[in-house]
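**Student:** sequence-free structure coming up:
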Ligand code: APR
Ligand code: ZN
Ligand code: ZN
């Protein structure tokens, strides 16, 4: 029997989202039905609503979620009914050329549920293959990772997207280590997670760069040792001055703009690493002198979803949270109801929140 549940739908480009009753099928082979407990509001949800991702309306929004497995389909062995899970949008396939080479975090053929959730018989496009602003959602089994149920769902769910992207940009992609110096450009949810990840990894100097003083205050709470308001001073010079004239070992760009990418490029030390985790718009271009790319050595990297491996990283991060070593609660700016997502988009655009989290 399909399940009729309330969900947040973007019906047409640029129109406010609405609450609708959708149909969620029983899980088929390899699928899992999850009762959603909490789901964060992310920029990507707004990008779907604005038609900036694709035109496959109607969208079922929401993708930073935690909940309880209610039913599993045939052949599912990684989770069972009653498990507390965090959803992910890159379920590893195990068979693509990257998985075969032992690099599952880069999986090139990630899975979603095969069956469609529907609105009045019309198939829905779930945001990032999840669709979790809903009382229940249907995902591929590999999209659900079991974690310690002692964690608050509204905090744990954030590991499913933005917080993982930031933590992983520092810990996985940037390989920040003990004694390193790090600069993080953009201190929203993603950038602040990169700051926390750098602190956890043992960085000695963590420089937060933003144009919004409210975000720099938060960055200090998350573990930044220095802050730079780049609307007031040149961040490249400021970072050099804070690092004995050298620049940082790892510069993390968490905005997705050419100007801040260039700042990150020039603020690193010789042989340092630049990590791009902010998502640029398709028109964005960077121009760099090739002699600088060569002469400075080091590495220019991009971070996909924090280069995470959900089965490895999600349970570990939840444990760090429960031990009091990873502050996820500070990312939860407010908890809201399903019908407050549109208002949360406005707060996000005004820069008032790190994360509004829908609690069901
Ligand atoms: N220089 C410095 N900081 C800037 C600039 C700039 N030119 N422009 C914006 N910022 C700051 C904002 O003040 C804000 O604090 O960058 C931060 C961006 O944070 P959010 O808008 O909250 O975005 P977040 O959720 O952290 O995501 C950041 O990562 O995953 C991607 O799509 C996401 O591209 C986005 C990026
Ligand atoms: Zn997201
Ligand atoms: Zn794969």
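**Tutor:** Okay, I see it. Being a predicted model, the structure only gives us computed values, none of them experimental. Ligands and ions are numbered 1, 2, ... in the order given.
**Student:** how many other residues sit next to the residue of the stretch 151-300 of the chain found nearest ligand 3?
**Tutor:** In the stretch 151-300 of the chain, the residue that lies nearest ligand 3 is residue 172 (16.8 Å; C-beta to the ion). In this view, the C-beta of every residue, glycine as well, is placed from N, C-alpha and C. By other C-beta atoms under 10 Å, the residues close to residue 172 number 23.
**Student:** Find the residue closest to it in space, skipping its chain neighbours.
**Tutor:** Excluding its sequence neighbours, the residue lying closest to residue 172 (C-beta to C-beta, 6 or more residues apart in numbering) is residue 307, at 4.1 Å.
**Student:** give me phi/psi at the one you found?
**Tutor:** phi 40, psi 40 (degrees, to the nearest 10).
**Student:** ditto for residue 99
**Tutor:** The phi/psi pair for residue 99 (degrees, to the nearest 10) is phi -60, psi -40.
**Student:** Start at 43, not 1
**Tutor:** Done: numbering now begins at 43, and the last item shifts to residue 141.
**Student:** Do I have it right that it meets residue 153?
**Tutor:** No. Using C-beta atoms under 8 Å, residue 141 is not in contact with residue 153; the gap is 11.4 Å.
**Student:** shared neighbours of those two, which are they?
**Tutor:** Shared contacts of residue 141 and residue 153, defined by C-beta atoms under 8 Å, 6 or more residues apart in numbering, comprise residue 135.
**Student:** ok, back up a step: tally of neighbours for the residue nearest to residue 214?
**Tutor:** Residue 349, neighbours per other C-beta under 10 Å, totals 24.
**Student:** got it, and residue 136?
**Tutor:** Count around residue 136 with other C-beta under 10 Å applied: 12.
**Student:** burial count for the residue nearest to it when sequence neighbours are not counted?
**Tutor:** Take residue 136 and drop its neighbours on the chain: the residue closest to it by C-beta to C-beta, 6+ apart is residue 146, 7.1 Å away. For residue 146, the tally of surrounding residues (other C-beta under 10 Å) stands at 18.
**Student:** What pLDDT does the model give residue 146?
**Tutor:** Looking at residue 146, its pLDDT is 95.
**Student:** quick one: buried residues of the host helix or strand of residue 50?
**Tutor:** Secondary-structure assignment from DSSP states H and E places residue 50 in strand 45-52. By neighbour count on 16 or more other C-beta atoms under 10 Å, the buried set for strand 45-52 is 45, 47, 48, 49, 50, 51, 52.
**Student:** Can you check what pLDDT the model gives the second one?
**Tutor:** Put plainly, it is residue 47. pLDDT, residue 47: 98.
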